[in-house]
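> The following comprises the amino acid sequence and a computationally predicted model.
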Amino acid sequence: MRWTRPNSWHLTLVFLGSVEADRVPELVALVDRVAQGQRPYQVSVELGGGRRRSGEGVAWLGLGDGAGTLIEIAHEVAAGCPPDITEGAAPKRTPAAHLTLVRKADQAVIDALRTQAHGPLSVDWTVDCVDLVRSFLEPGGARYQTLHEGTL
């Protein structure tokens, strides 16, 4: 199993893939436009879960309160992306509001999160920004660099 590092935790709204550096200003403008239309809001962790496919597993915390707002913002970002912004596939909106905790998770960890075997899952915080983030895939996991922060 590989636990994700707390300093890498994030809620993905839209995954873009490879974007040329000269296109970043368009995304900065989009992030600002979307952020300006929002107010800070509360989110909370409500459940745990995960899935295993082909021997590989991922475990996560799912959002309760605030998940709908997060998904609405994700739709707005995805809809505002220029169709030719990526070198590969079109931008992909995140399928669910979740925080990934473990990669290569085994079924025991997934089940423990799902049943809250180690106690109730209760975390909440205020979302006050939409960030444009670049990811770097490295042998020890992904590393992230914030390119721009759009304040709500």
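Structure's in. What do you need? Numbering: from 1, shown residues only.
> so the closest residue in space to Q116 that isn't next to it in sequence is in which element?
Of all residues not flanking Q116 in the chain, G48 sits nearest, at 6.5 Å (Cβ to Cβ, 6 or more residues apart in numbering). C-betas here are computed from N, CA, C, even on glycine. For G48, the host element (DSSP states H and E) is strand 41-53.
> and that strand, which strands flank it?
Looking at strand 41-53 with DSSP bridges, its partner strands are strand 56-63 (antiparallel), strand 124-127 (antiparallel).
> Among these, single out whichever gets nearest to R39.
R39 sits nearest to strand 124-127 of all the strands paired with strand 41-53, at 9.7 Å, using Cβ to Cβ.
> Can you give me the buried ones in that closest one?
Within strand 124-127, the residues that count as buried by 16 or more other Cβ atoms under 10 Å are V127.
> can you check stretch 47-56 too?
So, applying 16+ other Cβ under 10 Å, buried residues of stretch 47-56: 48-50.
> Okay, the residue nearest to Q116 and G119: tell me how far apart.
Distance, G48 to G119, using Cβ to Cβ, to the nearest Å: 11 Å.
> again, but for I71
Going from I71 to G119 by Cβ to Cβ gives 27 Å.
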